[in-house]
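Visitor: Structure for this input, please:
(one chain, ligands or ions: 1)
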Amino acid sequence: MTRPNKRRRNMKIIGHNGPPCHRCNRPTEIREHIQVTERELAKSSYYSRWFKCTNRDCTTTMIMPAEFIVRNERGAKDDTMKVSP
Ligand SMILES: [Zn+2]
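Guide: Numbering: from 1, shown residues only. Okay, the predicted model is just below:
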């Protein structure tokens, strides 16, 4: 088992009974950010919660439903709306 300790992951597993993976139908891990940092806020949106399939043979790993997208109202630099005067 190798666990990279240098890169601290801003992620916690809050449960193991997430919605079943649509590919293999196994329950998924429920994950959330430990803290919403500048890294998340720098994007125009981020996921407040997502799910990970724990089946290693399954090609679906991360399940990120649109309902958990959090849009950053302020400081969204990646705004796709470019209006030229
Ligand atoms: Zn799966």
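
Visitor: only C-alpha atoms for contact and neighbour calcs from this point on.
Guide: Fine.

Visitor: For the chain, which segments count as strands?
Guide: Residue ranges of the strands in the chain, as given by DSSP state E, are 12-15, 29-32, 45-47, 49-52, 62-63, 69-71.

Visitor: Can the fourth one be said to contact the ion?
Guide: No - with CA under 5 Å from the ion as the measure, strand 49-52 is seen stopping short of the ion, the closest distance being 8.2 Å.

Visitor: for that strand, packing partners?
Guide: For strand 49-52, the helices and strands in contact under the criterion 3 or more CA pairs under 8 Å, 6 or more residues apart in numbering; DSSP states H and E are strand 29-32, strand 62-63.

Visitor: The ion contacts on this protein?
Guide: The interface of the chain toward the ion, taken as CA under 5 Å from the ion, is made up of 21, 23-24, 53, 58.

Visitor: Nearest residue to the residue of the chain at minimum distance from the ion in space, ignoring adjacent ones along the chain?
Guide: Among residues of the chain, the one nearest the ion by CA to the ion turns out to be C24. It sits 4.2 Å away. Spatial nearest neighbour of C24, excluding adjacent residues (CA to CA, 6 or more residues apart in numbering): C58 at 6.6 Å.

Visitor: Now for that neighbour, how many residues are close by?
Guide: Look at C58: counted by other CA atoms under 10 Å, it has 13 neighbours.

Visitor: rewinding a little: export the helices and strands packed on strand 49-52 to JSON lines and tack on mean neighbour count and mean pLDDT?
Guide: Formatted as JSON lines, these follow (neighbours: other CA atoms under 10 Å; pLDDT from 0 to 100):
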{"stretch": "strand 29-32", "mean neighbour count": "20", "mean pLDDT": "97"}
{"stretch": "strand 62-63", "mean neighbour count": "16", "mean pLDDT": "94"}
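
Visitor: export those to JSON lines and tack on distance to R39?
Guide: As requested, the helices and strands packed on strand 49-52 are exported to JSON lines (distance: least, CA to CA, whole Å):
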{"stretch": "strand 29-32", "distance to R39": "14"}
{"stretch": "strand 62-63", "distance to R39": "19"}
